[in-house]
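>>> Starting from these lines, generate the structure:
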Amino acid sequence: MKHFYEKVYEITRQVPAGKVTTYGLIARSIGSPQSARMVGWALNAKKAWLDGIPAHRVVNRKGLLTGSKYFPGNSMAELLENEGIEIDNNQIIDLDKHLWDPSQF
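Just a heads-up that it's a prediction; the model follows:
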């Protein structure tokens, strides 16, 4: 059986460019709907973005870039903007347009 963190990394690797998902949607898709905070811990524990895991594509349920403090400078927002996602005041504009639900795939 895969460890929780490995499941998080596996799902996060699948988020397409130009899309985002939430900590809660990842938690639900791996069968732990109450573990959204642990998803964030998993992504930070490994410094996932350093290992090529697109952790910049994981945001909170309101589209806030709450994980941005773990990226150097303003790189989380810059990475998302480079993928065509509009950001204002550290929040995704039109989250529904860019939201990717891993349970749908």
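
>>> hey, where'd the helices end up in the protein?
Assigned by DSSP state H, the chain shows helices spanning 4-14, 23-29, 36-45, 75-82, 95-98.

>>> any weak-confidence spans in the protein?
Residue ranges of the chain with pLDDT under 70: 1, 46.

>>> ok so, going back, Serialize the helices of the chain to a markdown table and add fields for mean neighbour count and distance to Asp51.
Every C-beta, even on glycine, is put in place using the N, C-alpha and C of the backbone. Formatted as a markdown table, the helices of the chain follow (neighbours: other CB atoms under 10 Å; distance: least, CB to CB, whole Å):
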| stretch | mean neighbour count | distance to Asp51 |
| --- | --- | --- |
| helix 4-14 | 18 | 8 |
| helix 23-29 | 22 | 17 |
| helix 36-45 | 18 | 10 |
| helix 75-82 | 17 | 15 |
| helix 95-98 | 14 | 23 |
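
>>> okay, these in a markdown table with distance to Gly67 next?
Below are the helices of the chain laid out as a markdown table (distance: least, CB to CB, whole Å):
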| stretch | distance to Gly67 |
| --- | --- |
| helix 4-14 | 11 |
| helix 23-29 | 9 |
| helix 36-45 | 6 |
| helix 75-82 | 6 |
| helix 95-98 | 15 |
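
>>> Please identify which of these is closest to Thr66.
Thr66 lies closest, by CB to CB, to one member of these: helix 36-45, at 7.4 Å.

>>> No more questions from me, cheers.
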